[in-house]
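>>> fold the following, please.
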Amino acid sequence: MIRAMQEAEQIVADYLADLLTPAPTSAEAPAGAVQVVAFEPWRTMPASEAARARDLRYLLCVAAGVRLAVPMADVTHVLPMPPLTPPNTSNPICLGRWRHPSGEARVADLAAILSPDMAGATTTTLVILRDRTWALACVVDEEPVELQAEAIQWRTGAATRPWLAGMSLEPKCGVVGTTALIEWLEKELGT
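Take a look at the predicted model:
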């Protein structure tokens with residue numbers, strides 16, 4: 001079990017490292033030669049200045065050794081992991097439900113979102129998102145950080161992990177697109 005967890009963590013770490021590696025630049029081509037240019041949609045910046053300015057502060061969440069940045073604009077509350085109502089599904093992503101004064105949040109295991117093999121990794125924190133209907137179980141042990149939009153390698157149109165909006169080189173972490181994550185969770189776990 002521990003070996004499988006370590007292998008799964010390494011797979012995700014390698015995947016994230018590949019995303020962080022800049023694409024090679026082609027050397028000057030001789031006159032008249034055809035030059036092939038790779039299309040890299042994930043390097044596209046967010047469309048508006050307002051979106052870039054709003055999303056400077058991020059909460060660093062750790063799941064199974066992988067660090068992900070969640071925009072603070074989308075974080076409603078951060079609290080120690082409370083007791084949860086058991087899930088009504090066998091999907092390893094869903095850890096259960098947490099009742100709060102204004103309703104109920106479905107709790108997703110951030111490690112299982114990264115890879116089902118990592119489900120059940122240590123969690124100490126509940127990160128409540130947006131309208132309090134979804135929460136992430138993970139580890140948060142740092143204050144929010146500022147990430148400059150120019151320092152993030154943005155990705156768009158991704159077929160796999162559509163919620164991974166980009167990669168930051170410093171600090172080295174994946175950047176979560178909260179809207180895409182919630183849409184993905186709705187599809188995976190149903191409404």
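
>>> make it CA atoms for all contacts and neighbour counts henceforth
OK.

>>> so for stretch 92-110, mean pLDDT?
Across stretch 92-110, pLDDT averages out at 93.

>>> from Pro144, how far out is Ala73?
Per CA to CA, to the nearest Å, Ala73 is found 11 Å from Pro144.

>>> then Arg130?
17 Å.

>>> equivalent analysis for Leu185, please.
24 Å.

>>> so what pairs up with Ala135 in the strands?
Under DSSP bridges, the beta-bridge partners of Ala135 are Val107, Ile128.

>>> please identify the helix or strand for Trp184.
Secondary structure assignment for Trp184, by DSSP states H and E: helix 178-189.

>>> list the buried residues in that helix.
Residues of helix 178-189 classed as buried by neighbour count (16 or more other CA atoms under 10 Å): 178, 181-182, 184-185, 189.

>>> residues shared between the contacts of Ala73 and Pro144?
Residues touching both Ala73 and Pro144 (CA atoms under 8 Å, 6 or more residues apart in numbering): Arg57.

>>> sorry, back to before: which secondary structure elements does the helix holding Trp184 contact?
Contacts defined by 3 or more CA pairs under 8 Å, 6 or more residues apart in numbering; DSSP states H and E place helix 178-189 against no helix or strand at all.

>>> for that helix, which outside residues touch it?
Residues contacting helix 178-189 (CA under 8 Å, 6+ apart): 70-71, 74, 89, 91, 94, 134, 162-164.

>>> cutoff 7 Å now
Residues from elsewhere that reach helix 178-189 (CA atoms under 7 Å, 6 or more residues apart in numbering): 74, 162-163.

>>> please apply the same query to stretch 103-115.
Contacts for stretch 103-115 (CA under 7 Å, 6+ apart): 63-64, 92-99, 118-119, 121, 132-138.

>>> and those residues, which of them are buried?
Here, 16+ other CA under 10 Å leaves 63-64, 92-98, 118-119, 121, 132-138 buried among the contacts of stretch 103-115.

>>> residues near Thr124, how many?
Using other CA atoms under 10 Å, Thr124 has 13 other residues around it.

>>> for Thr160, see how far away Ala121 is.
Taking CA to CA, one finds Ala121 at 22 Å from Thr160.

>>> ok so, going back, using CSV, lay out the contacts of helix 178-189 together with secondary structure, neighbour count and distance to Met81.
Output for these, formatted as CSV (DSSP: H, G, I helix; E, B strand; the rest coil; neighbours: other CA atoms under 10 Å; distance: CA to CA, whole Å):
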residue, secondary structure, neighbour count, distance to Met81
Asp74, helix, 18, 19
Pro162, coil, 17, 26
Trp163, coil, 23, 23
